[in-house]
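Peer 1: sequence below, structure please.
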Amino acid sequence: MGGLLAGIALAGFLVLVQPDRWLGLGIALAAPALAMCVVAGVLIGEVTAAAPQGTRRSAALEVRTLRSYLPRTLTWSAAVTVTGLAALLTATGLTGDADDLGRAGRVLTLTCGADGTQSTGPWPGTYYGAPIGAAVLAGLAGAGLAARTVVGRRRPDPAVRGADDLLRRASVRTIVASAGLLAATPLAGAAALTGHILVRSSCASPALHAIGWTATALAAVAGLGACGFAAEVLLPRRTATTPPRRSDAP
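Peer 2: The predicted structure follows:
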């Protein structure tokens, strides 16, 4: 909960207090910052969890794997979202141009035949894509570390293995949802900007108009996905009853 509250505060700060010279970059980084704080909160909670106490302790001989605790559908959804964001930012980064102040990737320049060129922005090129990509990569690295920590920590009591597995699965689910949110929100924003510029440009060819409508549809899907991931983070499932799909315990 502490990570979630810190993330909300940081996201609000980036949205409301960002300097004018950032040109909207704070809004683009707000959701990744929120997700990173949630992941950090889970990681800190697992690292600082109290170890078993007492002079006599018992342990179960078992091999736990991260795959056993991953929620299949949510994991695939997050992976597809991250892949989509990487593909879109790569494409917009390669096609973006510098604006009139030399800021790389902030505009899209299209040739209008004999009438010259038309530059339109803001375009989600490298000016926005580079920091977003760096934030998402850092967040994914933190999510991977947090998930490994959740799976690898010692059991507080082997006698309560079932309840402990449910807690691990809930923590891993929150981490995966945070990773999905980390990518879904900037994907929705970047796709919406891409679609808006391509659809409204008078210099865009029919093919570019089609790409623009496709990007607009992608923005809507990514927005719905972000809402779903956010619901998983804010309202985590703590009552799952299905055990891990695979157990290596003897």
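
Peer 1: nearest residue to A204 other than its sequence neighbours?
Peer 2: Setting aside the residues directly before and after it, A204 is nearest to L198 in space (C-beta to C-beta, 6 or more residues apart in numbering), at 5.3 Å. C-beta coordinates here come from the backbone N, C-alpha and C atoms, glycine included.

Peer 1: going by neighbour count, list what's buried in the helix or strand bottoming out on mean pLDDT in the chain.
Peer 2: Least confident helix or strand of the chain, by mean pLDDT, DSSP states H and E, is helix 25-47 with a mean of 77. Going by neighbour count (16 or more other C-beta atoms under 10 Å), the buried part of helix 25-47 is 25-43, 45-46.

Peer 1: quick check: the residue nearest to A204 touching P206?
Peer 2: No: using C-beta atoms under 8 Å, L198 is not in contact with P206; the gap is 10.9 Å.

Peer 1: so between these two, which is more surrounded?
Peer 2: L198 (24 against 7; other C-beta atoms under 10 Å).

Peer 1: contacting residues around the spatially most central residue of the chain?
Peer 2: Nearest to the geometric centre of the chain sits L182, at 1.6 Å (C-alpha atoms, centre = their mean). When contacts are counted by C-beta atoms under 8 Å, 6 or more residues apart in numbering, L182 touches 31-32, 35-36, 82, 135-136, 139-140, 143.

Peer 1: rewinding a little: and the least confident helix or strand of the chain, what other elements does it pack with?
Peer 2: Where contact means 3 or more C-beta pairs under 8 Å, 6 or more residues apart in numbering; DSSP states H and E, helix 25-47 is packed against helix 2-16, helix 126-152, helix 161-200, helix 206-234.

Peer 1: most tightly packed of those helices?
Peer 2: Mean neighbour count, computed with mean count of other C-beta atoms under 10 Å, is highest for helix 161-200 among the helices and strands packed on helix 25-47, reaching a mean of 23.

Peer 1: that one - what's its average pLDDT?
Peer 2: For helix 161-200, mean pLDDT is 88.

Peer 1: ditto for stretch 75-95
Peer 2: Stretch 75-95 comes out at a mean pLDDT of 95.

Peer 1: what are the buried residues along that stretch?
Peer 2: Buried residues in stretch 75-95, defined by neighbour count with 16+ other C-beta under 10 Å: 75, 77-78, 81-82, 84-86, 88-89, 91-93.

Peer 1: quick one: which of the residues you listed is nearest L193?
Peer 2: Closest approach to L193 among the buried residues of stretch 75-95 (C-beta to C-beta): T92, at 8.3 Å.

Peer 1: hmm, back to that, would you reformat the buried residues of stretch 75-95 as a markdown table and include secondary structure?
Peer 2: Below are the buried residues of stretch 75-95 laid out as a markdown table (DSSP: H, G, I helix; E, B strand; the rest coil):
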| residue | secondary structure |
| --- | --- |
| T75 | helix |
| S77 | helix |
| A78 | helix |
| T81 | helix |
| V82 | helix |
| G84 | helix |
| L85 | helix |
| A86 | helix |
| L88 | helix |
| L89 | helix |
| A91 | helix |
| T92 | helix |
| G93 | helix |
